[in-house]
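Trainee: pasting the sequence and the predicted model now:
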Amino acid sequence: MSNILQAPIELSKVSLQESELLKDYIEALYRFEEDYESIVNIEEGLKSLFKNEALATPYFIKQGPEKIGYLILTRYHSVEKGGLTIYIDELYVEERFRRRGVGKTILDQVVSIGQREKAKALWANTEHNNEGAQRFFKNAGFRKNRYLNFERAV
C-alpha cells in the first residue's frame, strides 16, 4: 500500500486561483448525476461562490497532497432550527476513492466545522433516485425530514 493511500483525508479551502480545477470537479459531479441543465450555471455560480465566504465556502478534499474531490458548504439562518444551519450544497469524491471511508471522514470534519461555528443543524439533500447517497447520509446520522422542496428562478 502506498503512502498516499495511508495519508490523512483533509479539507483545504479552494482559492480563487484554483477555481478552474473546482469547475472541472463540479462538471464531473453534474455529469455523474446527469444534471446537464445545471452545467450552464457553473461559470456564474463560481463567480458568486467566491464573493462572500460567510455564506459559502468551497473546499477540496485532499488525501495527502492529492485532490480527490470537493465540498461546498453554504450557511443560512433558520428560526425553526434555532439559528445557523450549514447546508452541504455539493459533495463529490472521485469514483476511484469512493467506498473507502472518505465521505465519512469528510462528514466528521463538517460536523466539527458546524460545532466550531455554533451551527444548530446540518442539512443535505440528494436526488430521489440516488439510493447510494441516501444510504450514505442515513448511515451518517442524517434523517429524512418532512419537507418537500420547491424552487423558482428569480
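Mentor: Okay, I see it. Since the structure is predicted, the reported quantities are computational estimates derived from the model, not experimental observations. Numbering: from 1, shown residues only.
Trainee: please enumerate the strands of this protein.
Mentor: For the chain, applying DSSP state E gives strands covering 9-13, 56-63, 66-78, 83-93, 121-123.
Trainee: name the helices or strands packed onto the first one?
Mentor: In other words, strand 9-13. Strand 9-13 sits against strand 56-63, strand 66-78, helix 102-116, with contacts defined as 3 or more CB pairs under 8 Å, 6 or more residues apart in numbering; DSSP states H and E. Where C-beta positions appear, they are placed from N, C-alpha and C, glycine not excepted.
Trainee: which of the strands of the chain is buried the deepest?
Mentor: Mean neighbours per residue, mean count of other CB atoms under 10 Å, is largest over the strands of the chain for strand 56-63, with a mean of 21.
Trainee: give me the residues contacting it.
Mentor: The contact list for strand 56-63 (CB atoms under 8 Å, 6 or more residues apart in numbering) reads 4-5, 7-14, 18, 21-22, 25, 48-50, 67-75, 89, 93, 97, 102, 106.
Trainee: do the same with stretch 103-120
Mentor: 9-11, 61, 71, 73, 75, 78, 81-86, 88, 91, 93, 122, 136, 140.
Trainee: count the residues that sit near residue 20.
Mentor: Counted with other CB atoms under 10 Å, the neighbours of residue 20 add up to 8.
Trainee: distance of it from residue 43?
Mentor: 11 Å (CB to CB, to the nearest Å).
Trainee: residue 33 now?
Mentor: For residue 33, the distance to residue 43 - CB to CB - is 18 Å.
Trainee: about what we covered before: could you dump the strands of the chain to JSON lines with distance to residue 114 and mean pLDDT?
Mentor: Shown next, in JSON lines, are these (distance: least, CB to CB, whole Å; pLDDT from 0 to 100):
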{"stretch": "strand 9-13", "distance to residue 114": "13", "mean pLDDT": "95"}
{"stretch": "strand 56-63", "distance to residue 114": "12", "mean pLDDT": "96"}
{"stretch": "strand 66-78", "distance to residue 114": "9", "mean pLDDT": "95"}
{"stretch": "strand 83-93", "distance to residue 114": "5", "mean pLDDT": "94"}
{"stretch": "strand 121-123", "distance to residue 114": "6", "mean pLDDT": "94"}
